[in-house]
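Visitor: Got a predicted model here, sequence first, then my questions.
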Amino acid sequence: MRIALVHYHLLRGGVTSVVRHQARALIDGGDEVLVIAGEAPQEKFEFPLAIVENLKYDQARTKGEQTEAKERALMAEDLAQSIWSAMEEHWGHSADVVHVHNPLIRKNRLLLPAIHLLQQRGLRFLLQNHDFAEDYRPDVYVEEDHYPDNCHYGAINSRDYSFLHRSGLETLGLHLLPNEVERLRATEGLNRTRYVYPVRGIRRKNIGEALLLSLFIPPGRTVAITLPPTSPRDQKTYQYWKDIAIEMSLPVEFDLGLSSSLSDVLGTALCVITTSVKEGFGFSFLEPWTAGLSVIGRRIDYVCQDFERSGIGFDSLYSTLDIPMDYLPPPTLKKKMETALLHSFSAFGLTMPSYDLKMLSDDLFSRDVFDFGRLDEELQTDILQTIASNDTARQDILDANPFLANLASWAPDESRIETNRERILREYSRETTLATLKGAYHSVIEYPVTHRLSKSILLELFLDPLKLSLVGMGYE
């Protein structure tokens, strides 16, 4: 098969890694691949590549919004022709399947109309979605275009698959596409004293909760966060948490990955922690086991359930970190949650149904506890300071969270590590994920579909007030 892999850029990041893995697997499996991107990688790229400048991120979205409809249509035609020409120059004809990554995220206003035009030329598409604007990310929501009809879609977890199906897609044209997991290495012979959180410290990684965990670890150990974020707004929040850690003298290290390799950092780890409130595929729940390290911390059910169906076990994760309502200000919390929900609906151009506000209020005031991961930075800081200064509060929070009470005596289960490592390297190997991917391509070629994705239903599924997390709100 001839496969065109399309993405906005090839700069370092999760989607770029997936594109590289897919390109390598397909080529090794005997297929022809052309990667089409708007921006070239900064390091060596070993696969056939075409750079299409007008595919890269919009430089200014506000400017894009002001573009005349006629001018925008002409620009979309140029992008469609550029993609078509890249394939013709490489092969002399078009690809059998055009596999586009994250097209439903408004990073380039021309991409969706260009896909519509290329469909009219007979191209067959697989649209793989790693993120959704509907998941509280109105800044990248596509308002003016409907999502492409009558083409195949891919999801990276079962929740997203379910949401796409419930929003109008037939199962024949919908594919669950797990990612390949590469083996990580941990340098041997180093002193293991760290609970390592190997992430860029963006907001949804819930850094305040990592600081909370540091209050319950044994003396002489630290929580270590590896990398700073790159966006200015996330950097501001990240710096806030660095300042709080210094102010409270917490055993937390930041930016460890800037001066040490990941292998060396993992070599100093007792385990890997995660406190993230939102993930796509969930590499963070799989990769550490391949380096012989347990994963402990916050569970994300819709991610972990997929892995558990593959026989992978998670014995040291919690679904919520419960804070007794005695230590929270309900009127303030209610106002913050309602404001965030109202803002989200408004940003999507929607009027929030009154029953959503009632559902949120009823849920809040029927609780004896509230999940720390749903609070914003201000309320999280109040809790941290309360725990550090109030022994009664500390004990109440320990009583509500057995995981915290057991953290000081936690030790890795070597049998679990070995079982998980074997299953991950088998179930998410290059061979296994390639077979799934090629099966999807054959379906794209052999089984045309007639369906339409309802943006309104998709929005309703994601904008669930009972799932709202203030630190999980997307912004850019």
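Guide: All right, it came through fine. All of these numbers come straight from a predicted model, not from anything done at the bench.
Visitor: show me where pLDDT drops low in the stretch 301-450 of the chain?
Guide: For the stretch 301-450 of the chain, not a single residue meets the criterion pLDDT under 70.
Visitor: what sits against the nearest residue to His7 once chain neighbours are set aside?
Guide: Excluding its sequence neighbours, the residue lying closest to His7 (Cβ to Cβ, 6 or more residues apart in numbering) is His101, at 4.4 Å. Every residue, glycine included, has its C-beta placed from N, CA and C. Residues near His101 by Cβ atoms under 8 Å, 6 or more residues apart in numbering: 5-7, 15, 18-19, 128, 130.
Visitor: Columns secondary structure and neighbour count on top of those, output as JSON lines?
Guide: Below are the contacts of His101 laid out as JSON lines (DSSP: H, G, I helix; E, B strand; the rest coil; neighbours: other Cβ atoms under 10 Å):
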{"residue": "Leu5", "secondary structure": "strand", "neighbour count": "26"}
{"residue": "Val6", "secondary structure": "strand", "neighbour count": "28"}
{"residue": "His7", "secondary structure": "strand", "neighbour count": "26"}
{"residue": "Val15", "secondary structure": "helix", "neighbour count": "19"}
{"residue": "Val18", "secondary structure": "helix", "neighbour count": "24"}
{"residue": "Val19", "secondary structure": "helix", "neighbour count": "25"}
{"residue": "Gln128", "secondary structure": "strand", "neighbour count": "26"}
{"residue": "His130", "secondary structure": "coil", "neighbour count": "21"}
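Visitor: Where does confidence bottom out across those residues?
Guide: The lowest pLDDT within those belongs to Val15, with 93.
Visitor: Show me where the stretch 301-450 of the chain has its helices.
Guide: 301-309, 330-347, 354-365, 377-389, 391-400, 402-407, 414-427, 430-446 (DSSP state H, counting those that start in this stretch).
Visitor: Quick one: closest of those helices to Asn179.
Guide: Taking Cβ to Cβ, helix 430-446 is the member of those nearest to Asn179, at 6.6 Å.
Visitor: what comes up buried for whichever helix or strand comes after the closest one?
Guide: The C-terminal neighbour of helix 430-446 among helices and strands, as given by DSSP states H and E, is helix 455-462. Under the neighbour-count criterion of 16 or more other Cβ atoms under 10 Å, helix 455-462 has 455, 458-462 buried.
Visitor: Dump the helices of the stretch 301-450 of the chain to a markdown table, plus distance to Ile105.
Guide: Formatted as a markdown table, the helices of the stretch 301-450 of the chain follow (distance: least, Cβ to Cβ, whole Å):
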| stretch | distance to Ile105 |
| --- | --- |
| helix 301-309 | 19 |
| helix 330-347 | 15 |
| helix 354-365 | 24 |
| helix 377-389 | 25 |
| helix 391-400 | 37 |
| helix 402-407 | 34 |
| helix 414-427 | 28 |
| helix 430-446 | 20 |
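Visitor: need the ones you listed in JSON lines with distance to Gly173 and mean neighbour count, can you?
Guide: Shown next, in JSON lines, are the helices of the stretch 301-450 of the chain (distance: least, Cβ to Cβ, whole Å; neighbours: other Cβ atoms under 10 Å):
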{"stretch": "helix 301-309", "distance to Gly173": "20", "mean neighbour count": "16"}
{"stretch": "helix 330-347", "distance to Gly173": "29", "mean neighbour count": "15"}
{"stretch": "helix 354-365", "distance to Gly173": "31", "mean neighbour count": "14"}
{"stretch": "helix 377-389", "distance to Gly173": "41", "mean neighbour count": "18"}
{"stretch": "helix 391-400", "distance to Gly173": "45", "mean neighbour count": "15"}
{"stretch": "helix 402-407", "distance to Gly173": "41", "mean neighbour count": "16"}
{"stretch": "helix 414-427", "distance to Gly173": "25", "mean neighbour count": "16"}
{"stretch": "helix 430-446", "distance to Gly173": "8", "mean neighbour count": "16"}
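Visitor: The helix or strand containing Val35 pairs with which strands?
Guide: Per DSSP H and E: Val35 is located in strand 32-37. When pairing is defined by DSSP bridges, strand 32-37 lines up against strand 2-7 (parallel), strand 49-51 (parallel).
Visitor: Out of these, flag the one nearest Tyr141.
Guide: When the strands paired with strand 32-37 are compared (using Cβ to Cβ), the closest one is strand 2-7, at 19.3 Å.
Visitor: Enumerate residues external to that closest one that contact any of its residues.
Guide: With contacts defined as Cβ under 8 Å, 6+ apart, strand 2-7 is touched by 15-16, 19, 22-23, 26, 31-38, 55, 83, 86-87, 91, 94-102, 441.
Visitor: To what extent is Gly30 buried, counted in neighbours?
Guide: 8 (other Cβ atoms under 10 Å).
Visitor: right, I mislabeled it, should have said Ile246
Guide: The number of residues near Ile246, taken as other Cβ under 10 Å, comes to 11.
Visitor: What's the separation between it and Leu211?
Guide: Separation of Ile246 from Leu211 (Cβ to Cβ, to the nearest Å): 11 Å.
Visitor: who wins for proximity to Ser263 among the helices of the stretch 301-450 of the chain?
Guide: Closest among those, using Cβ to Cβ: helix 414-427, at 16.1 Å.
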